[in-house]
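Visitor: 3D model of this:
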Amino acid sequence: MKRSKLLIPVCVAPLLLLAGCGNDVSKTFSLSSASPDEFTVTTRAPLSVPPDLQTATLPPPTPGLARPQEIPLTDQVQQTLEPQLALNPAAAGQDSAGQDALVAQAGPTAPANIRAAVAAEAGQDAASESLTERLMFWHGKGPAGVVVDAAGEEARLQKDAALGQSPTTGETPVIDRGKSKFLGIF
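Guide: Take a look at the predicted model:
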């Protein structure tokens, strides 16, 4: 019995709160439609032609002719990239003193065949295996598993330096780990 007395106010309280909101609840949940008021609609005056335009003689349009008010896209791009061109078209091919100094500090110009050389080097470094093969079978391939013998490498470099040879001559001593074991245990 006590439970039902408590249940009634708990159920009725939210309904009273919603009823107190009034008309806004019905609009919020789209229970009522809002139609436009026909008395607030205004008309606009029609467009009119200026009087001097009627007397002026305009040339007839020529199909295919470029419009004089439109700037070609290439000129727009060039003006965006080089604002000095838009401000001073006479100095379009000339660089400023700051630009010349920056180019001089950048160093010598690149060789003419630099793109071909970079492409050839990139082709040499390209992997022959697919990404899936490299991810699945990564262990036991290539120089990733080679461990350099530090003491032997130091002795080899000192010997090469004493003889005046390049450090790249000779073989790099490595530590042989033997046959690969399952999980490095068995």
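Visitor: now the protein, which segments are flagged as low pLDDT?
Guide: For the chain, applying pLDDT under 70 flags the ranges 1-4, 16, 18-26, 28-30, 41-45, 54, 85-93, 125-129, 138-145, 177-186.
Visitor: go ahead and flag the most central residue of it.
Guide: Nearest residue to the geometric centre of the chain (Cα atoms, centre = their mean): L81, 19.5 Å.
Visitor: could you pull out the helices for this protein?
Guide: Per DSSP state H, the chain has helices spanning 2-21, 23-28, 51-55, 73-81, 83-87, 97-105, 114-125, 131-136, 150-163. These are given in chain order.
Visitor: turn those helices into a markdown table, including distance to E171.
Guide: All C-beta spots, glycine's among them, are computed from the backbone N, C-alpha and C. Output for those, formatted as a markdown table (distance: least, Cβ to Cβ, whole Å):
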| stretch | distance to E171 |
| --- | --- |
| helix 2-21 | 85 |
| helix 23-28 | 82 |
| helix 51-55 | 91 |
| helix 73-81 | 53 |
| helix 83-87 | 59 |
| helix 97-105 | 43 |
| helix 114-125 | 22 |
| helix 131-136 | 27 |
| helix 150-163 | 8 |
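Visitor: quick one: which of the ones you listed is nearest T169?
Guide: Nearest of those to T169, taken as Cβ to Cβ: helix 150-163 at 6.0 Å.
Visitor: buried set for that closest one?
Guide: Counting neighbours by 16 or more other Cβ atoms under 10 Å, one finds that the buried residues in helix 150-163 are R156.
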